[in-house]
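Visitor: what would the 3D arrangement of this be:
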Amino acid sequence: MVLKTKPYDVAEFLTDDETIAAYLTEVLDSDDPRYFAKALGAVARAKGGMTELAGKTGLSREALYRALSDTGNPELGTILKVMRALGVRLTAFVECKPQSEPEYAATRPGSQADSSAMDRV
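Guide: Numbers count the residues shown, from 1 in each chain. As a prediction, this is how the structure comes out:
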């Protein structure tokens with residue numbers, strides 16, 4: 001008996017906005033711009049396809065297919081247009097800093113400075 005399979009397509013599993021956001025966040029952690037471009041292509045397929053995305057971005061379908069493929073390397077402007085059209089955005093945050101005593105530590109509850117402040121009350 002021959003086992004029939006079909007190619008895996010992540011777009012089939014991107015069924016809601018939270019899943020899409022989690023997927024794109026994980027892909028961004030790879031630090032691979034081509035992987036991210038391909039992931040945007042999968043999200044585009046999950047949200048209606050390249051024709052619909054082309055209409056929302058003003059870019060041609062062919063340009064989108066090229067930019068969001070395995071070998072694509074889109075410019076940041078293209079990525080931002082695509083993301084806006086897909087309803088997602090990039091967010092910057094500060095990475096965790098090395099552990100050190102924060103400046104406000106002297107006024108934390110239970111600290112020596114805190115207990116002396118309580119004595120004055």
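
Visitor: in what helix or strand does the nearest residue to residue 58 once chain neighbours are set aside lie?
Guide: Distances taken as CB to CB, 6 or more residues apart in numbering put residue 81 closest to residue 58, at 7.5 Å, once the chain neighbours are dropped. All C-beta atoms are positioned from the backbone trio N, CA, C, and that covers glycine. Assigned by DSSP states H and E, residue 81 falls within helix 76-86.

Visitor: so for that helix, what gets flagged as buried?
Guide: 78-79, 81-83, 85-86 (16 or more other CB atoms under 10 Å).

Visitor: now these as a markdown table including pLDDT and distance to residue 62?
Guide: As requested, those are exported to a markdown table (pLDDT from 0 to 100; distance: CB to CB, whole Å):
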| residue | pLDDT | distance to residue 62 |
| --- | --- | --- |
| 78 | 94 | 13 |
| 79 | 94 | 17 |
| 81 | 95 | 15 |
| 82 | 96 | 14 |
| 83 | 96 | 20 |
| 85 | 96 | 16 |
| 86 | 95 | 19 |
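
Visitor: all the strands of this structure, residue numbers only.
Guide: With DSSP state E as the criterion, the chain has no strands.

Visitor: helices of that one, start to end?
Guide: 17-28, 33-46, 50-57, 61-67, 76-86, 112-119 (DSSP state H).

Visitor: can you give me the first-to-last residue distance of stretch 64-81?
Guide: 11 Å (CA to CA, to the nearest Å).

Visitor: picking that back up, I'd say the residue nearest to residue 58 and residue 63 touch.
Guide: No - look at residue 81 against residue 63 with CB atoms under 8 Å: they stay out of range, at 10.6 Å.
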